[in-house]
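Novice: Next one to model:
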Amino acid sequence: MASGTKTSSDKIKKTALAVLGLGLAIVLIKQLFFSSPPARPRIQSRQTQAAQTTAASTSGGSTQSTDTTSNKPTRAGDREAQLQQMLADSSPLNFALLTSAPKASEISRNIFDFKPPPPPPPIKQPDPPPITIQYLQPQSAIAGTPREFTVIVFGKSFPPDAQIFMGGSAKATKRVNDSQLSTVITPAEYASPRTIPVEVKSQSDQTKLYSNQIPLMIQQSPLPPFKFVGRIGDIGVFELLGAGGQKEYLRLRRGDTIQNAWKIDNITDSGVDVTDTRYDIKKRITLEERRMPQ
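Specialist: Below you'll find the model as predicted:
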């Protein structure tokens, strides 16, 4: 009797387990094939989330009174929701936040395009002197001339006490008229070749009333265009170049003139003394040893 009761009880348990398994299978199939997929959480931008957070903080305790326990997802559901949110977030990344924006000057810059330096500021020209010298007469002289000569300075705005300066030294000045001044140059002042600056200044105020400078050219005296090559008694033999570059020889005595400019003053065995009659300048020509023509 007890054995029959035990067998009947086992059958009941097996039947109950089978029914329970069948029910679970039906529920699982229904959830897999017939239930709608869970709604994806709405993706909100960061600005919207921030606005909602601010609104939630200012709304007092209204949102806190909601029953959160009924909407609290399970851990599995929470992970699934986070996964769905990550997959659904298709907003592009803002790479501008990772890199610094280039400066406006660097956007169109060409490393091979060199900007030329700015031009230098114009040089301010000094104010012209209050006195003006226009020209000299004469403008040059021959060094070594044994006679004095007069230089006339032409210009304008000469003050009543105008004075000529030559090489920085004051000269005795004669006022010819309002536009002409004159001074005398002695032989010692132009004995050698040089350039003499000529200017005009006021005797009473030289620092304020002065003129520009004009040069007086002292030139080298001409050299004799011939050679003394020998002597025959009181006759000197001279060599010079003739027409076509051919050498010519002249036999001359004391007092004769060569080329209408050089007067023979004396003839010796060592040389000849001559005078340039154009400037009264005396020269000494030494003898050049060479074979004289027959």
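Novice: Helices of the protein, start to end?
Specialist: Using DSSP state H, the helices of the chain run over 2-29, 46-58, 75-88, 104-107.
Novice: and those, which one is worst for confidence?
Specialist: Set side by side, the helices of the chain give their lowest mean pLDDT on helix 46-58, at a mean of 50.
Novice: Could I get the contacting residues of Phe228?
Specialist: For Phe228, the contact set (C-beta atoms under 8 Å, 6 or more residues apart in numbering) comprises Gly236, Val237, Phe238, Gly271, Val272, Ile285, Thr286, Leu287, Glu288. Placement of C-beta: from N, CA and C, glycine included.
Novice: now swap in Asp273 and tell me
Specialist: Counting by C-beta under 8 Å, 6+ apart, Asp273 makes contact with Ile264, Asp265, Asn266, Lys282, Lys283, Arg284, Ile285.
Novice: can you do 7 Å?
Specialist: Counting by C-beta atoms under 7 Å, 6 or more residues apart in numbering, Asp273 touches Asp265, Asn266, Lys282, Arg284.
Novice: any idea how far the first one lies from Asp276?
Specialist: Taking C-beta to C-beta, to the nearest Å as the criterion, Asp265 is separated from Asp276 by 11 Å.
Novice: Name the residue in the two with the higher neighbour count.
Specialist: Asp276 (19 against 14; other C-beta atoms under 10 Å).
Novice: Quick check: beta-bridge partners of the more buried one?
Specialist: Trp262, Ile281 (DSSP bridges).
Novice: got it, and Phe165?
Specialist: Phe165 has these beta-bridge partners by DSSP bridges: Ala170, Glu199.
Novice: Sketch out the low-pLDDT regions of the stretch 51-200 of the chain for me.
Specialist: 51-76, 86-111 (pLDDT under 70).
Novice: all strands for it, in order.
Specialist: Here the stretch 51-200 of the chain has its strands, by DSSP state E, counting those that start in this stretch, at 132-137, 140-142, 149-156, 162-166, 169-170, 174-177, 180-185, 194-202.
Novice: Which phi and psi values does the residue nearest the centre of the chain adopt?
Specialist: Centroid-nearest residue in the chain: Pro117, 5.4 Å away (criterion: C-alpha atoms, centre = their mean). Dihedral pair for Pro117: phi -70, psi 150, per degrees, to the nearest 10.
Novice: so how far is Val19 from Ser9?
Specialist: The gap separating Ser9 from Val19 is 16 Å, by C-beta to C-beta.
Novice: and the chain, what are its domains?
Specialist: With domains defined by automatic domain parsing, the chain comprises 132-219, 227-286.
Novice: could you redo these as a markdown table and give each row distance to Ile123?
Specialist: Converted to a markdown table, the domains of the chain look like this (distance: least, C-beta to C-beta, whole Å):
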| stretch | distance to Ile123 |
| --- | --- |
| domain 132-219 | 19 |
| domain 227-286 | 44 |
